[in-house]
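# here is my input, please return the structure:
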Amino acid sequence: MKFIHVSDVHLGIKPDEGKPWSEKRAQDIWDSFAEVIGAAVELKPDFLLISGDLFHAQPLKKELREVNYLFSRIPQTKIILMAGNHDYLRTKSYYLTMEWEENVYFFRQEEPGHFDFEEENVSIYGLSYWHREIGEPVYDSIIPEDLSKINILLVHGGDPQHIPYHPKHILENGFDYIAAGHIHKGGQQIPGRAVMAGSLEPTDKNDVGSHGYWLGTIDKEHTDIHFHPVKKCEYCHEVYPVTGKTTNFELCEWAKTLLAERPGYQYFRLFLRGKVSPDTEFNTAKLEEFDRVVDVTEQLSPDYDYEKLKENYKDTLLGNYIEEMERRPQDVVTKKALEYGVNALLGYKICR
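Numbers count the residues shown, from 1 in each chain. Model prediction:
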């Protein structure tokens, strides 16, 4: 049996809202889902497994019609769909009144259920969220009814507020594959048996690394699963090691070179990290004007000569403060307190 596994598409989200490329990013996510459907047209998998949060919020009627049309393009593929914690069901949800294509199987209840497919000898278990948070480990207690079938469990969760679960325990219950979603960083939790799909596209500037979908084949003895990246967007975190000699022109040149050398689908968070003179001010707003720069974060500490400060400010509040902080255990908190206190007493901005 061949399948595609995808999760956390978040149709309707507008990443990096306020940035010039926000609308493009929103459309890219729709186009990426259409790309998955295109792969299904070509590869003709038996099942398309969608492990929750197809939409970023309650879907509009027009959004459901768009998705249903895409589903109509792959009538040979059975689509298994659940609602996650972002698009969770409500009494008046359009999810429930949608007239889905015949190949769509939608979990409507928060209680676990299953769909049986005799031709493929497959049973697929799952549920839909009816609340934003579910703290009980519901999945750990589900037992397949017929162990002779290929038993698959659709999962959306993995943290204390969203159905915590234990992949090893679920597999010991008799499941052959766990098709998981919710955590946006994907990967194989148990090789060949339990996969967190990750988000199809990054939806937030902290969703770093590759994103995409999974293509697999499974029978009762063996599972073969591979990741297929979708590269319409990739967020990258880049660090510039600043010193006391670093200038604004230097930082602009670095950013320009970075943007010119890297592919156009990459977007950047820039981090300025190092020790500088306490009166240093970098023009981060200028850097944030560059195309594909999401934001700039300063992680700077003052380059003080504490021995010289003690000598120059002997028997003053500043000199006494430095001596007192140096007598304390030199852990992270003490070192930060020393930096912040000296900055404040000298009249500089708090360390960034």
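
# I'd like the distance from stretch 337-352 to the chain centre, please.
35 Å (C-alpha atoms, centre = their mean, to the nearest Å).

# cool, stretch 16-23 as well?
Chain-centre distance of stretch 16-23: 18 Å, with C-alpha atoms, centre = their mean.

# one more: stretch 309-326?
Taking C-alpha atoms, centre = their mean, one finds stretch 309-326 lying 47 Å from the centre of the chain it belongs to.

# again with stretch 196-205
Here the centre of stretch 196-205 is set off from its chain's centre by 4 Å, with C-alpha atoms, centre = their mean.

# then stretch 181-189?
8 Å.

# any regions of the stretch 51-200 of the chain where pLDDT drops low?
Applying pLDDT under 70 to the stretch 51-200 of the chain flags no residue at all.

# just give the number of residues close to Asp291.
10 (other C-beta atoms under 10 Å). The way it works is simple: take the backbone N, C-alpha and C, and place the C-beta from them, glycine included.

# measure it to Gln266 for me?
As for Asp291, its distance to Gln266 is 11 Å (criterion: C-beta to C-beta, to the nearest Å).

# again with Asn343
Separation of Asn343 from Gln266 (C-beta to C-beta): 35 Å.

# again, but for Gly174
Taking C-beta to C-beta as the criterion, Gly174 is separated from Gln266 by 43 Å.

# what of Ile190?
Taking C-beta to C-beta as the measure, Ile190 and Gln266 are separated by 31 Å.

# now Val293. Nearest residue, chain neighbours left out?
The spatial neighbour of Val293 that comes closest, neighbours along the chain excluded (C-beta to C-beta, 6 or more residues apart in numbering), is Phe268 at 5.3 Å.

# which phi and psi does that neighbour have?
For Phe268, the backbone dihedrals (degrees, to the nearest 10) come out as phi -130, psi 140.

# contacts only, for it.
If you count contacts by C-beta atoms under 8 Å, 6 or more residues apart in numbering, Phe268 has them with Tyr235, Cys236, His237, Glu238, Leu258, Leu259, Arg262, Arg292, Val293, Val294.

# closest one of the residues you listed to Ser141?
Sorting those by distance to Ser141 puts Tyr235 at the head of the list, at 37.0 Å, by C-beta to C-beta.

# helix or strand: which one has the closest one?
Tyr235 is part of strand 234-242, with elements assigned from DSSP states H and E.

# identify the residues contacting that strand?
202, 204-211, 246, 251, 254, 258, 262, 265-274, 276, 282, 294, 300.

# need phi/psi at the closest residue to Ile178 other than its chain neighbours.
By the measure of C-beta to C-beta, 6+ apart, the closest residue to Ile178 outside its immediate chain neighbours is Ala194, 3.9 Å from it. Reported as degrees, to the nearest 10, the phi and psi values for Ala194 are phi -140, psi 120.

# now the end-to-end length of stretch 259-275.
With C-alpha to C-alpha, to the nearest Å as the measure, stretch 259-275 spans 25 Å from end to end.

# chain center to it: distance?
Relative to the centre of its chain, stretch 259-275 is centred 19 Å away, using C-alpha atoms, centre = their mean.

# the residue nearest to Glu111 when sequence neighbours are not counted: neighbour count?
Leaving aside its sequence neighbours, Glu111 sits nearest to Leu127 (C-beta to C-beta, 6+ apart; 6.4 Å). Using other C-beta under 10 Å, Leu127 has 25 other residues around it.

# what does Thr246 give?
Using other C-beta under 10 Å as the criterion, Thr246 is surrounded by 17 other residues.

# is it in a helix, a strand, or coil?
Judged by DSSP: H, G, I helix; E, B strand; the rest coil, the three-state class of Thr246 is coil.

# grab the nearest non-local neighbour of it.
For Thr246, ignoring the flanking residues on the chain, the nearest one in space by C-beta to C-beta, 6+ apart is Val276 at 7.0 Å.

# cool, Leu200 as well?
Counting by C-beta to C-beta, 6+ apart, the residue nearest Leu200 is Val9, at 4.7 Å.
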